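Trainee: sequence and computational prediction follow.
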Amino acid sequence: MKRETFGSRLGFILVSAGCAIGIGNVWRFPFLVGQNGGGLFVLFYLMFLVIMGVPVLTMELAVGRASRKSAVQGYQALEPAGSKWHIHGWFCMAGCYLLMMYYTTVAGWMLDYFAKFATGQFVGMESGHAVDAFNAMLANPVEMGIWMVVIVIAGFAVVSFGLQNGLERISKWMMIALLILIVILAVNSVLLPGAGSGVSFYLLPSVERAAEVGIGNVAMAAMNQSFFTLSLGIAAMEIFGSYMKRDNILPGEAIRICALDTFVALMSGMIIFPACFAYGIEPDQGPSLIFITLTEVFVNMPGGRLWGSLFFVFMTFASFTTVIAVFENILVICCDCFGWDRKKSCLINMIIVLVASVPCVLGYNVWSGLTFLGGKNVLDTEDFLVSNLLLPVGSLIFLLFCVSKWGWGYDKYFAEANTGEGIKLPKSKWFKRYLQFVLPILILVILIQGLV
């Protein structure tokens, strides 16, 4: 299959940012901020994003752009003769499948809640009943299954039209709509009576609040989130590197992707924390923050049906852009490795993902007694394997491949990353030593902590 390229630089940045922007930004980031004392967590997060996320992102993009191939064949094109780095490419493919086995279900939740707000099903809900509505959805496998199927079929329908006519075109419009929506929602939250306390909690660092959790715990949580937010380690970004033109340096493009990703995460907090404080709700509610806590807020807010609809269509866009980006990676690996055309790859992989997503749907109802890994349900088990194992291990492999003499090698990576216009990576020993020795240790810390 002839290697496609993005129609524009903006398309590349928006599609790549759309892959990174997802549930981790607009769901996980706000509740982690709430649980870790607010502003100081945000400062740690930004610092670790720069010193960890950006370098690893440039490496995935470099492997893709230098090879012009997807993960398996990308490794094969660049690895030394006789080495086996390309085996990791198959684990990347497995990681993408595993991620979609539960991500499609959660994206379906977002679409389901948008439909319920838009059709007025939550109008008149009594206080405290949001938890009942969420539990009723989880208990209904048909309802969850229908929305999951809609997400999967729509996702493969988009990528079946190709890179420019499918993924790039849809992602650009969704990302533009997402950015507009998030600003509108944030302005509405900030203007609520009593919202100022939420803004202060969110943006003003407090050593006292962080000390209650433990400064070390806050820093570690921020390091984890800054690393996982970019979906690094399963070649979700590598594939977009293979579509890139060589006009611009990779560090600059990585910074732009991270900036958009961070903007959405920070603005999500500007939606959630002012609204929580305005309605006297604690901001440390954990994963229930979106579907229970915020639903209560919207139900009691003037014009709540409209604001709830806008919020969950924003959440749907955020999750769907990730879904179609990962679908693209899966189907192109199959095209590259098995010689399938795009339509055949879409059809086969759509069936695989539909079947593979069923256990997550049933894990909350029919198979609710099925547990793994110390009592985790199906979704939590799948998420644990991706977030705590495949992402950090995969990122460490990409890193070692790019900086060690047994892989592609630092000099070749450095030359590829600095090809094009823009501010280049520093050509200094300290930077090379940081990538070769310090960054691997930081990723190992994340891996060990996650497994422990």
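Mentor: Okay, I see it. Numbering: from 1, shown residues only.

Trainee: for this structure, what's the longest helix?
Mentor: helix 304-338 (DSSP state H).

Trainee: buried residues in it?
Mentor: 304-305, 307-337 (16 or more other C-beta atoms under 10 Å). (Glycine included, C-beta is placed from N, CA and C.)

Trainee: put the alpha carbons of the helix or strand just after it into PDB.
Mentor: Scanning forward in sequence from helix 304-338 by DSSP states H and E, the next helix or strand is helix 342-362. The C-alpha trace of helix 342-362 is given here as PDB (Å, rounded to 0.1, in the frame of the first residue of the first chain):
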ATOM      1  CA  ARG A 342      -7.700  -0.600   3.600                       C
ATOM      2  CA  LYS A 343     -11.300  -1.800   3.100                       C
ATOM      3  CA  LYS A 344     -10.500  -5.400   3.900                       C
ATOM      4  CA  SER A 345      -8.400  -4.400   7.000                       C
ATOM      5  CA  CYS A 346     -11.300  -2.200   8.200                       C
ATOM      6  CA  LEU A 347     -13.900  -5.000   7.900                       C
ATOM      7  CA  ILE A 348     -11.800  -7.600   9.600                       C
ATOM      8  CA  ASN A 349     -10.600  -5.400  12.400                       C
ATOM      9  CA  MET A 350     -14.100  -4.000  13.000                       C
ATOM     10  CA  ILE A 351     -15.300  -7.600  13.700                       C
ATOM     11  CA  ILE A 352     -12.400  -8.300  15.900                       C
ATOM     12  CA  VAL A 353     -12.800  -5.100  18.000                       C
ATOM     13  CA  LEU A 354     -16.600  -5.600  18.300                       C
ATOM     14  CA  VAL A 355     -16.100  -9.100  19.600                       C
ATOM     15  CA  ALA A 356     -13.200  -8.200  21.900                       C
ATOM     16  CA  SER A 357     -15.200  -5.300  23.400                       C
ATOM     17  CA  VAL A 358     -18.000  -7.500  24.600                       C
ATOM     18  CA  PRO A 359     -16.300  -8.700  27.800                       C
ATOM     19  CA  CYS A 360     -16.000  -5.100  29.000                       C
ATOM     20  CA  VAL A 361     -19.700  -4.400  28.400                       C
ATOM     21  CA  LEU A 362     -20.700  -7.600  30.200                       C
END
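
Trainee: and helix 342-362, what does it pack onto?
Mentor: Applying 3 or more C-beta pairs under 8 Å, 6 or more residues apart in numbering; DSSP states H and E, we find helix 342-362 packed against helix 87-118, helix 141-159, helix 304-338, helix 378-385.

Trainee: counting by contacts, list what the last one packs against.
Mentor: Which is helix 378-385. For helix 378-385, the packing partners by 3+ C-beta pairs under 8 Å, 6+ apart come out as helix 87-118, helix 342-362.

Trainee: quick revisit: give me the mean pLDDT for the longest helix of the chain.
Mentor: For helix 304-338, mean pLDDT rounds to 93.

Trainee: burial check on the residue lying closest to T229 once chain neighbours are set aside, number of neighbours?
Mentor: Nearest residue to T229, sequence neighbours excluded (C-beta to C-beta, 6 or more residues apart in numbering): G24, at 5.1 Å. Neighbours of G24 under the rule other C-beta atoms under 10 Å: 21.

Trainee: so what's G24 up against?
Mentor: 225, 228-229, 231 (C-beta atoms under 8 Å, 6 or more residues apart in numbering).

Trainee: quick one: which of those is most hemmed in?
Mentor: Using other C-beta under 10 Å as the neighbour criterion, S231 leads the contacts of G24 with 26 neighbours.

Trainee: surely that residue meets L391?
Mentor: Yes - between S231 and L391 there is a contact at 7.4 Å, judged by C-beta atoms under 8 Å.

Trainee: and Y75, how far is that from I292?
Mentor: 43 Å (C-beta to C-beta, to the nearest Å).

Trainee: who has more neighbours out of the two?
Mentor: Set side by side, Y75 and I292 show more neighbours around Y75, with 28 against 20, by other C-beta under 10 Å.

Trainee: give me the distance between M350 and S428.
Mentor: 48 Å.

Trainee: the two: who's more crowded?
Mentor: Ranked by neighbour count (other C-beta under 10 Å), M350 and S428 place M350 first, with 20 against 9.

Trainee: from I170, how far out is that one?
Mentor: Noted for M350: a distance of 16 Å to I170, by C-beta to C-beta.

Trainee: the helix or strand containing R169 - what's its average pLDDT?
Mentor: Following DSSP H and E, one finds R169 within helix 169-190. Here helix 169-190 scores 91 as its mean pLDDT.

Trainee: and it, how far from the chain's centre?
Mentor: Chain-centre distance of helix 169-190: 17 Å, with C-alpha atoms, centre = their mean, to the nearest Å.

Trainee: now do stretch 74-87
Mentor: With C-alpha atoms, centre = their mean, you get 27 Å for stretch 74-87.

Trainee: I281 falls within a helix, correct?
Mentor: No - assigned with DSSP: H, G, I helix; E, B strand; the rest coil, I281 falls outside any helix and is coil.

Trainee: residues touching it, list them.
Mentor: 293, 296-297.

Trainee: I13 is nearest to which of the helices and strands packed on helix 378-385?
Mentor: I13 lies closest to helix 87-118 among those, at 21.3 Å (C-beta to C-beta).

Trainee: tell me which other helices or strands that closest one touches.
Mentor: helix 23, helix 71-78, helix 130-138, helix 141-159, helix 304-338, helix 342-362, helix 378-385, helix 391-403.
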